[in-house]
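Asker: all I have is the shape, not the residue letters:
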């Protein structure tokens, strides 16, 4: 029986599933983050190869990987070829972390997917197969509505409170504690070298204070939710999707912050009155495996590598 592996490569954690040829899940494993933009192609591929070895020492017929940050075709091509060599599989299909979820849950129907986790982005697809991605350009050029930007907004709000430029807030003491330092002064030095993931890890503290009534913390959550809602509506407009198009929500911020979800839905309703956002049934590597199970031509947003190519090189 031939075996398949599907990877869900995130900016914080990578998860993988070992599947039988009929789509039955045989085993799962989790490992390091593998965003190639944040960490580089070699560490990305190494993380995937290590997970494959954790799952099985048997031959793998095909693999598919949905990887955060893998939006550029040239980047996906390199990863696909590297996986064929590293795992010694006959065929590797590589795409970003957005398309597999929308493909698995909407197939060819018009739909939008909003993701808010460590980073954020929005994907829209039309019934004719065209798609568009809004946002998702990293911590400096995008990612509004993400855990990173919620935390960054919280840090700024705390700074404003200290300087008398904003309302008093318990963020001043809560964020240093969450970061593991003794004072806000130490937090300034900490933030200069903190990774995107380390900063994003402060977002739950902002959310907790917001739920307890801290006005500055609440404003951080609401503002970022409204920004993601604006991106979602922009994605719908970009492809002129019908009002009846579905809208899916995914990511840790959307799944764990009730205030964020409430604010997001309220803001989106003003821009897209008919929408009823919900969470998809198929996510993670369970969505990615659909790329290997489906018949028909390979979508344009998937890069494919084969062992024959790596042998020639």
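Answerer: Done, it's in. In this text the structure is predicted, and so the values were computed from the model without any measurement.
Asker: residues in contact with residue 4?
Answerer: Residue 4 is in contact with 18, 19, 20, 21, 60, 61, 62, 63, 64, 289, 292, counting by CB atoms under 8 Å, 6 or more residues apart in numbering. For the C-beta atoms, the positions are set from N, CA and C on the backbone; glycine is no exception.
Asker: can you say which helix or strand has it in it?
Answerer: strand 3-9 (DSSP states H and E).
Asker: state the mean pLDDT of that strand.
Answerer: For strand 3-9, the mean pLDDT works out to 95.
Asker: list the contacts of whichever helix or strand comes after that strand.
Answerer: Next helix or strand after strand 3-9 toward the C-terminus (DSSP H and E): strand 14-20. With contacts defined as CB under 8 Å, 6+ apart, strand 14-20 is touched by 1, 3-8, 25-34, 47-48, 51-52, 54-56, 284-286, 289, 292.
Asker: how about 7 Å then?
Answerer: 1, 3-8, 25-34, 47-48, 51, 55-56, 284-286, 289 (CB atoms under 7 Å, 6 or more residues apart in numbering).
Asker: ok, stretch 102-109 next?
Answerer: For stretch 102-109, contacts defined as CB under 7 Å, 6+ apart pick out 111, 113, 123, 125, 127, 246, 248, 280, 281, 282, 287, 290.
Asker: next up, the contacts around the first one.
Answerer: Residues counted as contacts of residue 111 (CB under 7 Å, 6+ apart) are 102, 125, 245, 246, 248.
Asker: so which of the residues you listed are in helices?
Answerer: Judged by DSSP state H, the contacts of residue 111 include residue 102 as members of helices.
Asker: which of the contacts of residue 111 has the most neighbours?
Answerer: With neighbours taken as other CB atoms under 10 Å, the top of the contacts of residue 111 is residue 125, carrying 27 neighbours.
Asker: just give the nearest non-adjacent residue to it, would you?
Answerer: For residue 125, ignoring the flanking residues on the chain, the nearest one in space by CB to CB, 6 or more residues apart in numbering is residue 131 at 4.4 Å.
Asker: what is the burial count for that neighbour?
Answerer: Per other CB under 10 Å, the neighbour tally for residue 131 reads 20.
Asker: gap between it and residue 142?
Answerer: Residue 131 sits 17 Å away from residue 142, taking CB to CB, to the nearest Å as the criterion.
Asker: pick the one among the contacts of residue 111 closest to residue 180.
Answerer: Among the contacts of residue 111, residue 248 lies closest to residue 180 (CB to CB), at 35.1 Å.
Asker: which residues in the stretch 151-300 of the chain form helices?
Answerer: Shown for the stretch 151-300 of the chain, the helices assigned by DSSP state H, counting those that start in this stretch span residues 171-179, 184-193, 196-200, 203-211, 215-238, 252-256, 258-271, 284-288, 290-293.
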